[in-house]
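>>> Predicted model, plus sequence, below.
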Amino acid sequence: MVSQWTRHNNHAPCPVCSETKKGCRTQNQTNIVHCRGESPSPEYRFLKEDKLGFGMYKLETEIEAFSEQKKAEWLEERKTERERQQRQWEEQLKQQLSESERDRALRNILSQLTLTEEHRSQLQARGLTKDQIKTAGYRSVSQWQKLNQKLTPALAGVNRYGIGLVTPDSGILVPIPNENGQWVGYQLRRDNPKDGNKYLWSASEQKRNHRPTIQNRDGELPLGIWGSPKNDGAVYLCESPGIKPYIASLELNHPVIGAAGANFTSSPKALSRALGELNAKTVIFLPDAGAVLNRHIHRQTISALNLLAKWHYSVQFAWWGQTSKSDADIDELESRTKIQYLTPPQFLKLADTEQQKHGKVPKRGKRPKPTRALAWEVTQ
């Protein structure tokens, strides 16, 4: 049996201190030298003392090689895990309902629900008529809303038994339409928002394995697409896919596309399809009140701006002085005569000025820059 230790003596001096009578020894499995000498070689790194007071040393080259090996192993494990998660995600997306199937299931849900007078009054207070409310499909839901007819649990937002909705709060169910007028998902407008989150995407129980998600088969979040094409080819973009873009489309008499958090670049395929179906020529942003001072939203806006420039759309920004959160959003604006239409350079300059004024300058490297494609498009 091979010994676990090598004792250092006249025949095998200690490699760390070169002594022969200090009781130094090397652990053969780890190559760590336990040394009691006073002049350790610089080729060895001190690790710590053992329980007998010996210094524990290891060759620097072995430590570096071990570190590189561990790093390579960690990177390989990380790559393997990412690939596994990606395969699992792709398989999960394949099991998602198609948009036609989602539409049928959601219309079934809407047929089982009604709208309370309280919620109807809230919607009317935002300027919607009874017919417009009916068209938008709004319904009232209670916490953990029960359904009268069993539904497929493959739809995000339906519980595992298919007999109720996963609605952690009461509120207004807001269906989200695609470019073909199909309902492809819903948001819950909470009666009692928590942490400032007014809206929740439909979602299934966390504990379900391979639970349905709101993302479509492309892995993208739905965009709310309201209104029909106009001859001038103008299409508006705004934050939020639900009530706000619907009201804006009615007020502006133009199609409006809404994205949660103004994150249009997370759904590039859906955005491209929608703009194509709407015969878009000019895309006009409708920044929310305070958006220019919100670093996250402003980054999303610039990313979307670059994407639209890449697709060679003409881009404008609607501006009515909505610098702070206390100003009106597009669905709250009393008069459209206040709206100015800015070019991207004008808007970006205005945003930078307001950010400087309010001390909201983004950290270096934190905000994407407009691309050359954008500069080219602006000059056309």
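Structure received.

>>> Mind listing what's buried along stretch 110-123?
110, 113, 115, 119, 120, 122, 123 (16 or more other Cβ atoms under 10 Å). C-beta: built from backbone N, CA, C; applies to glycine.

>>> wait, isn't the fifth one in contact with residue 134?
Right, residue 120. No. Under the criterion of Cβ atoms under 8 Å, residue 120 lies out of contact with residue 134, with a separation of 10.0 Å.

>>> Around residue 180, count how many other residues there are.
Taking other Cβ atoms under 10 Å as the neighbour definition, residue 180 ends up with a count of 13.

>>> got it, and residue 321?
Close neighbours of residue 321, defined as other Cβ under 10 Å, add up to 11.

>>> again with the one 3 residues further on
Around residue 324 sit 12 other residues, with neighbours defined as other Cβ under 10 Å.

>>> what's the first-to-last distance across stretch 141-159?
Using Cα to Cα, to the nearest Å, the end-to-end distance of stretch 141-159 comes to 14 Å.

>>> correct me, but residue 328 touches residue 334?
Yes. Counting by Cβ under 8 Å, residue 328 sits close enough to residue 334 to count as a contact (7.2 Å).

>>> Which one's more surrounded, the two?
More crowded of residue 328 and residue 334, by other Cβ under 10 Å: residue 328, with 15 against 7.

>>> next one: phi and psi at that one?
Taking degrees, to the nearest 10, you get phi -80, psi 140 for the backbone angles of residue 328.

>>> ok, now which ones touch it?
Residue 328 is in contact with 289, 320, 322, 334, counting by Cβ atoms under 8 Å, 6 or more residues apart in numbering.

>>> Per-residue confidence, it, what does it come out as?
Predicted confidence (pLDDT) for residue 328: 94.

>>> Can we start the residue count at 122 from this point?
Right, with 122 as the first residue, what we last looked at is residue 449.

>>> filter the contacts of residue 449 to the buried ones?
410, 441, 443.

>>> Settle this for me: the last one is touching residue 407, isn't it.
Pointing back at residue 443 there. No. Taking contacts as Cβ under 8 Å, residue 443 lies outside contact range of residue 407: 9.2 Å.

>>> Among the contacts of residue 449, which lie within helices?
Using DSSP state H, no member of the contacts of residue 449 falls within helices.

>>> which of these lies closest to residue 143?
For those, the residue nearest residue 143 by Cβ to Cβ is residue 410; the value is 76.4 Å.

>>> Run through the neighbouring helices and strands of the strand or helix carrying residue 187.
Counting by DSSP states H and E, the secondary-structure element that holds residue 187 is helix 181-215. The helices and strands touching helix 181-215, judged by 3 or more Cβ pairs under 8 Å, 6 or more residues apart in numbering; DSSP states H and E, are strand 165-170.

>>> switch to 10 Å and redo it
If contacts are counted by 3 or more Cβ pairs under 10 Å, 6 or more residues apart in numbering; DSSP states H and E, helix 181-215 sits against strand 165-170, strand 176-180.

>>> if I look at residue 171, how far off is residue 157?
Distance of residue 171 to residue 157, computed by Cβ to Cβ, to the nearest Å: 10 Å.

>>> That should have said residue 467, apologies.
Relative to residue 157, and taking Cβ to Cβ, residue 467 is found at 76 Å.

>>> Relative to residue 383, how far out is residue 296?
For residue 296, the distance to residue 383 (Cβ to Cβ) stands at 20 Å.

>>> So the two - more neighbours on which side?
residue 383 (25 against 22).

>>> hang on, that one packs against residue 365?
No. Residue 383 sits out of contact with residue 365 when judged by Cβ atoms under 10 Å, with a separation of 11.2 Å.

>>> what does the average pLDDT come to for stretch 244-253?
On average, stretch 244-253 scores 96.

>>> next one: stretch 422-431
Mean pLDDT, computed over stretch 422-431, is 95.

>>> For that stretch, list every residue counted as buried.
When neighbours are counted by 16+ other Cβ under 10 Å, the buried residues of stretch 422-431 are found to be 422, 423, 424, 425, 426, 427, 428, 429, 430.

>>> So which of residue 171 and residue 157 has more stuff around it?
Each of residue 171 and residue 157 has its neighbours counted (other Cβ under 10 Å); residue 157 has more, 16 against 13.

>>> Now do the contacts for the more buried one.
Under the criterion of Cβ atoms under 10 Å, 6 or more residues apart in numbering, the contact list for residue 157 reads 135, 137, 138, 140, 143, 144, 145, 146, 173, 174, 175, 176.

>>> Mind giving me the ChimeraX select for the residues you listed, buried ones only?
One line in ChimeraX is enough to select the buried members of the contacts of residue 157, burial here meaning 16+ other Cβ under 10 Å:
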select :135,137,138,140,143,145,146,175,176
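
>>> Mind checking which of the contacts of residue 157 land in strands?
With DSSP state E as the criterion, strands contain 146, 176 from among those.

>>> from the contacts of residue 157, which is closest to residue 187?
Set against residue 187, the nearest of the contacts of residue 157 by Cβ to Cβ is residue 137 (17.8 Å).

>>> what residues are up against the closest one?
Residue 137 sits next to 129, 143, 145, 147, 154-158, 160-162, 164-165, 167, 176-180 when contact means Cβ under 10 Å, 6+ apart.

>>> ok, and the closest non-adjacent residue to it?
Here the nearest residue to residue 137 in space, its sequence neighbours aside, is residue 156; by Cβ to Cβ, 6 or more residues apart in numbering that works out to 4.1 Å.

>>> Assess the claim that that neighbour and residue 167 are in contact.
Yes. Using Cβ under 10 Å, residue 156 is in contact with residue 167, at 9.1 Å.

>>> what sits in contact with each of those two?
Counting by Cβ under 10 Å, 6+ apart, the residues touching both residue 156 and residue 167 are 137, 176, 177, 178.

>>> Excluding chain neighbours, give the residue nearest to the second one in space.
Counting by Cβ to Cβ, 6+ apart, residue 156 is the residue found nearest to residue 176 once chain neighbours are left out, at 5.2 Å.
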